[in-house]
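Asks: Sharing a sequence plus its predicted fold:
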Amino acid sequence: MRKTLLCGIAATLLTGAVSAQQAAPATPRPATRAAAGASAPARMTTFIDALMKKMTLAEKLGQLNLPGAGDITTGQASNSDIAGKIRKGEVGGLFNIKSVDKIRAVQQIAVEQSRLKIPLIFGMDVIHGYETEFPIPLALSCTWDTGLVEKSARIAAVEASADGIDWTFSPMVDIARDPRWGRIAEGNGEDPYLGSAMARAMVKGYQGDNFNSGRTIMACVKHFALYGAAEAGRDYNTTDMSPVRMYNEYLPPYKAAVDAGVGSVMSSFNDVNDVPATANKWLMTDLLRHQWGFRGFVVTDYTAINELIAHGLGDLQVCSARALMAGIDMDMVGEGFLTTLPASLKEGKATLAQIDLACRRILEAKYKLGLFEDPYRYCQPERAKTDIFTSEHLQAARDIAAQSFVLLRNQGDVLPLKKGGSIALIGPLGDTRENMVGTWAVATDGSKAVSVADGLRAALGNQGTVTYARGANIVGDSLYNNRISVFGKNTNWDSRPADDMIAEAVALAAQSDVVVAALGESAEMSGECSSRSDISLPESQERLLKALIKTGKPVVLVLFTGRPLTIPWESQNVPAILNVWFGGTEAGNAIADVLFGDVNPSGKLTTTWPQNVGQVPLYYNHMNTGRPLPENGWFQKFRSNYLDVSNDPVYPFGYGLSYTHYQYSAVTLSTARAKGNQPVTASVTITNTGAKAGKEVVQLYLRQLVGSITRPVKELKGFQKVDLAPGETKTVSFRLTPADLKFYNADLRYDWEPGDFDVMIGGNSRDVQTARLSWAK
């Protein structure tokens, strides 16, 4: 019999006088719906009002407590310390517990053995897929296709909800302009416009239009706020920036997620202008709730309240009270709320009103998820058998991965490869499955991923041969190697001398028609706590690559990375470079699809790739200085430049090649002089001048030439991905309104200013066609 929890306020049920199984009718019908004409929000309020009247202080604080489940087993569910706390009403939810059976067993304790029978919420880091793993988020953003991104999140939600999960700690929307920071892999790059579009797509994918189907899950936008601007690119580090920059460049993706209806928000580890985010009342209450109107709940990141002690804010009691009063609703792991707030309440350091508000927000989330109506709605064993790791989901992962890859170089049209002859697959990432899924892939089985070797051999069949040599270790230092061989993603250290491995690889290359060099970062060289001060290709692999180039054989570099790398030598000396990020479960098949031309690459970079770390931070939408370097220039004394390197990136934002070529016309405007709310249409014609069908991302940038404050040299304001057959021409148009011109001025007033604007359209942020537009108020 399916157990349900009546959503009504019958005292016998809420006080635990009888079990859920005894009290529940065959079909749940929340008593609060009996009120004729009552709206859904009113029914929810009535229900929660009645429930909270029956809750003790300890039970209210229990709703604010989110411990980690660890590797709990079904047998441990009834006997562990966690189980005891659940019985006492001291737990509001759990995270990172996997499988329907385990989750159902724990939920059963909450709804049958606790006094008030309040169900738990179950969260997990479903970051870029559940068991079917999609490309890392940075790679997903390089599709420039919000429909594909939404689809990946929807499939992740279907799989996670089939396995008992109803809440994900995603999307991460932190703007990041420092590639030393490892968590750049989890976001959407450097641009607020694109980042906002991806944030909306992810929220919609996870949550859908509502939670009625039981096949969607609650999203949690993170990390609020400014985490991607950590100083020195070092994780958890401090953040400091002007309010204007904050509002114009870093806050928009968070607000986009809030406007899209995201159910929860996660506080960030960093401080924000000297006040840690988790204790920052301006951030969590004034901005998030009062200015933006957010109505969901805020959860901390892992032990973030406890870490306020190291920030210098006081002991755990002081820090917990500050976090609560700042607007934090749920304490992840630290249990500071549970253990210290009663004392703070007595001392007047915290208020019951704020505790009640936080408790209400958690209960509202559970109500919206339908957990009071049916606490087991996400625990249907039949769905766990049919909706996870399906062939349909794997095909979608393969298709999406292929569209996330970015072709950086293709000198002499080395690519696509012909299906025939002999291929030497060389490199430490050529025959590893676990490293294909990338960072933060906690629910998947990495051994089920498709390696490059698997993909190439499957694509070739009996038409050619693929032979493999490792050639080098990921890094040359065994201690460094230990730091990146974590979470089950072993880099398989080879103890042979480096020269011997290179010699073996060179000999194999000499016997083959073409070399595919699978090099770059391992999966955990980017991600949380994976900051790098040197973001070049590791020296062990660079030696190997240079030796392969010397053979004179055509070399294709299949580059794995979770961040922009500094590859100036490679960009000039390797004939073909395909950046594949970390493509997920189907990475190897998707790589083969692109290498052999079954899919024409269409990915475009969402980050700028510097020549060296000395240029960092380097991003396309920067401000001009009073002494700018002339365009296409290099060194001039008393200008803003370097003595030893140009200001230019290796690859600009928006860049990506194709197996065909696209020709852009000049930009045409519906009017060159607009006024007031009059819309303006900017258009180009684009022609596929090559012999292959392809997809091109057409990008629109604006520049305001004169403003009340310094304005960026260009800002992305629109993009469209278009399909073009060989020889086909299409007109691509963008509709501009004054809303596209708005920004926060020095007084933080959001408005637009009249004047002249450059309208730029092209295939990346550097190579554009430009038209001048005057817009009057």
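Replies: Great, that's in hand.

Asks: ranges for the helices of the stretch 501-650 of the chain?
Replies: 539-550, 568-573, 587-595 (DSSP state H, counting those that start in this stretch).

Asks: which secondary structure elements does the second one contact?
Replies: The one in question is helix 568-573. The contact analysis (3 or more Cβ pairs under 8 Å, 6 or more residues apart in numbering; DSSP states H and E) places helix 568-573 against helix 539-550. Glycine gets a C-beta too; all of them are placed from N, C-alpha and C.

Asks: and the helix it packs on, C-alpha only, in PDB?
Replies: Output of helix 539-550 as PDB, limited to C-alpha atoms (Å, rounded to 0.1, in the frame of the first residue of the first chain):
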ATOM      1  CA  GLU A 539      55.100  20.200 -19.000                       C
ATOM      2  CA  SER A 540      55.000  16.300 -19.200                       C
ATOM      3  CA  GLN A 541      52.300  16.600 -21.900                       C
ATOM      4  CA  GLU A 542      53.900  19.500 -23.700                       C
ATOM      5  CA  ARG A 543      57.100  17.500 -24.200                       C
ATOM      6  CA  LEU A 544      55.100  14.700 -25.600                       C
ATOM      7  CA  LEU A 545      53.200  17.000 -28.000                       C
ATOM      8  CA  LYS A 546      56.300  18.600 -29.300                       C
ATOM      9  CA  ALA A 547      57.800  15.200 -30.000                       C
ATOM     10  CA  LEU A 548      54.700  14.200 -31.900                       C
ATOM     11  CA  ILE A 549      54.800  17.400 -34.000                       C
ATOM     12  CA  LYS A 550      58.400  16.600 -34.900                       C
END
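
Asks: and that helix, which residues are buried?
Replies: 540, 541, 542, 543, 544, 545, 547, 548, 549 (16 or more other Cβ atoms under 10 Å).

Asks: Repeat that for stretch 735-752.
Replies: Applying 16+ other Cβ under 10 Å to stretch 735-752 flags 736, 738, 740, 741, 743, 744, 745, 752 as buried.

Asks: Strands - which of the residues you listed land there?
Replies: Residues of those located in strands (DSSP state E): 736, 743, 744.

Asks: so what's the residue nearest to the first one when sequence neighbours are not counted up against?
Replies: Distance criterion Cβ to Cβ, 6 or more residues apart in numbering; nearest residue to residue 736, sequence neighbours excluded, is residue 680 at 4.6 Å. With contacts taken as Cβ atoms under 8 Å, 6 or more residues apart in numbering, residue 680 has the following neighbours: 669, 670, 671, 674, 735, 736, 737, 773, 775.

Asks: repeat that for 6 Å
Replies: Applying Cβ atoms under 6 Å, 6 or more residues apart in numbering to residue 680 gives the contacts 669, 670, 671, 674, 736.

Asks: Kindly reformat the residues you listed as CSV containing distance to residue 560.
Replies: Formatted as CSV, the contacts of residue 680 follow (distance: Cβ to Cβ, whole Å):
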residue, distance to residue 560
669, 43
670, 45
671, 48
674, 46
736, 39
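
Asks: Who wins on neighbours among the residues you listed?
Replies: Counting neighbours by other Cβ atoms under 10 Å, residue 736 leads those with 23 neighbours.

Asks: thinking again about what came up before, out of the helices of the stretch 501-650 of the chain, flag the one nearest residue 332.
Replies: The closest of these to residue 332 is helix 587-595. By Cβ to Cβ, the value is 31.0 Å.

Asks: Quick one: residues in contact with the closest one.
Replies: By Cβ under 6 Å, 6+ apart, helix 587-595 touches 398, 401-402, 405, 417, 436, 450-452, 454-456, 459, 580, 583, 599, 601.

Asks: Next SSE downstream of that helix?
Replies: Following helix 587-595 in sequence order, the next helix or strand is strand 662-664 (DSSP states H and E).

Asks: So which elements touch the helix or strand that that following strand is followed by?
Replies: Next in sequence after strand 662-664, counting helices and strands by DSSP H and E, comes strand 668-669. Packing contacts for strand 668-669, counted by 3 or more Cβ pairs under 6 Å, 6 or more residues apart in numbering; DSSP states H and E, involve strand 680-688.

Asks: Please, where are all the strands along the stretch 451-600 of the chain?
Replies: For the stretch 451-600 of the chain, the strands defined by DSSP state E, counting those that start in this stretch cover 464-469, 514-520, 555-560, 576-579.

Asks: For this protein, which element, helix or strand, carries the lowest mean pLDDT?
Replies: None of the helices or strands of the chain scores lower by mean pLDDT, DSSP states H and E than helix 11-14, at a mean of 29.

Asks: What are the contacting residues of stretch 280-294?
Replies: With Cβ under 6 Å, 6+ apart, stretch 280-294 has contacts from 225, 255, 258, 272, 277, 298, 326, 327.

Asks: can we see that at 10 Å?
Replies: With contacts defined as Cβ atoms under 10 Å, 6 or more residues apart in numbering, stretch 280-294 is touched by 221, 224-226, 246-247, 251, 254-255, 257-259, 261-265, 267-268, 271-278, 295-296, 298, 322-323, 325-329, 354.

Asks: what about it, distance to the chain center?
Replies: Chain-centre distance of stretch 280-294: 23 Å, with Cα atoms, centre = their mean, to the nearest Å.

Asks: From the contacts of helix 587-595, which land in helices?
Replies: Secondary structure from DSSP state H places 398, 401, 402, 452, 454, 455, 456, 459 of the contacts of helix 587-595 in helices.

Asks: Which pLDDT value goes with residue 630?
Replies: Per-residue confidence at residue 630 stands at 85 (pLDDT).

Asks: right, and it touches residue 624 too?
Replies: No - counting by Cβ atoms under 10 Å, residue 630 does not reach residue 624; the two are 11.7 Å apart.

Asks: between these two, which one's more packed in?
Replies: A count of neighbours by other Cβ under 10 Å puts residue 624 above the other of residue 630 and residue 624, at 13 against 8.

Asks: which residues does the more buried one contact?
Replies: 640, 703, 710, 711, 712, 713 are the contacts of residue 624 under Cβ under 10 Å, 6+ apart.

Asks: Could you single out the nearest of the residues you listed to residue 175?
Replies: Closest approach to residue 175 among the contacts of residue 624 (Cβ to Cβ): residue 712, at 13.4 Å.

Asks: could you measure the nearest residue to that closest one once chain neighbours are set aside against residue 701, distance?
Replies: Leaving aside its sequence neighbours, residue 712 sits nearest to residue 621 (Cβ to Cβ, 6+ apart; 4.3 Å). To residue 701, residue 621 is 8 Å away according to Cβ to Cβ, to the nearest Å.
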